[in-house]
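Enquirer: Provided below for reference: sequence and predicted model.
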Amino acid sequence: MSRNLKITFSFIILIIGIYIFCSEYFNSKKIAVYDYMNELYYNESVTSDTDKVSLVETDIIENNEEGSKNTSYSFKEDKDSSIYIGYLSIPNINLKKGFTEKNSKYNTISKNIQILDASDYPDKANGNVIFAAHSGNSSISYFNKLHLLEKGDKVYITYNNINYIYEITNIYEVEKTGKVEIKRNKNKSSVTLITCTRTNKNTQTVYIGELISEE
């Protein structure tokens, strides 16, 4: 191989290397900015003031027996999760993640699934457990597969050595206006999952589940 050809080949390899490095760098920065903006939105628009989360009782309860899935599930706690007081698990999308006390410094979507200030804990009768987390492709996008959920899918919360089993009954989108309307039956214990809509940057998707059993 001639000297000129070697130089040309080395230059091409160098350019390719620089391109790959820059692409990965700017992509990581883009994800970081996206995550930061989402965290600001959740913290300022949803969690900072409980009045900004409207709880709306609905008397329309859909019968979803045909779409129900009977998934048997046994939960195992994470050995390295001393900060967690409970766990959220959705077997159909392979999600299993702990959550902390609401006042914990780790209770933020930049570190975990966040339990919102307006949320109840699972042991409150007719309460509503409200979680928010990132969608997207970053390492903290714990709700990245939430869009695959369907009515009838099961959601598990482990809290104080009790497994609370919920069934998804409603899925809907809301505009990003700084106020999230939660449409649920206030005569039943519920879980609410909130994340950015995968196909629409201007909306969030809300998933409502109703308690069906405790173990």
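Expert: That came in fine, so what should we check first? Treat the numbers as computed from the prediction; the structure is a model and nothing was measured.
Enquirer: after the lowest-mean-pLDDT helix or strand in the chain, next one along is what?
Expert: Across the helices and strands of the chain, mean pLDDT, DSSP states H and E gives its lowest value to strand 53-57, namely a mean of 42. Later in the chain than strand 53-57, the nearest helix or strand by DSSP states H and E is strand 86-90.
Enquirer: which other helices and strands does that following strand contact?
Expert: strand 95-99, strand 154-159 (3 or more Cβ pairs under 8 Å, 6 or more residues apart in numbering; DSSP states H and E). To be clear about C-beta, it is placed using only N, CA and C from the backbone, and glycine gets the same treatment.
Enquirer: strand partners (parallel or antiparallel) of the shortest one?
Expert: Which is strand 95-99. strand 86-90 (antiparallel) (DSSP bridges).
Enquirer: in CSV, could you pull the C-alpha coordinates for the partner strand?
Expert: Output of strand 86-90 as CSV, limited to C-alpha atoms (Å, rounded to 0.1, in the frame of the first residue of the first chain):
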residue,chain,number,x,y,z
GLY,A,86,-42.6,-0.2,47.9
TYR,A,87,-42.5,-1.5,44.4
LEU,A,88,-44.4,-1.0,41.2
SER,A,89,-44.5,-3.9,38.8
ILE,A,90,-46.3,-4.5,35.5
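Enquirer: quick one, longest strand in the protein?
Expert: strand 162-175 (DSSP state E).
Enquirer: and the contacts of that one?
Expert: Contacts to strand 162-175, defined as Cβ atoms under 8 Å, 6 or more residues apart in numbering, come from residues 61-62, 64, 68, 75, 122-123, 149-158, 180-181, 183-184, 189-191, 197, 200, 202-215.
Enquirer: filter the residues you listed down to the buried ones, ChimeraX style.
Expert: Those of the contacts of strand 162-175 that count as buried under 16 or more other Cβ atoms under 10 Å are selected in ChimeraX with:
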select :68,122,149,151,152,153,154,155,156,157,158,180,183,184,189,190,191,197,203,204,205,206,207,208,209,210,211
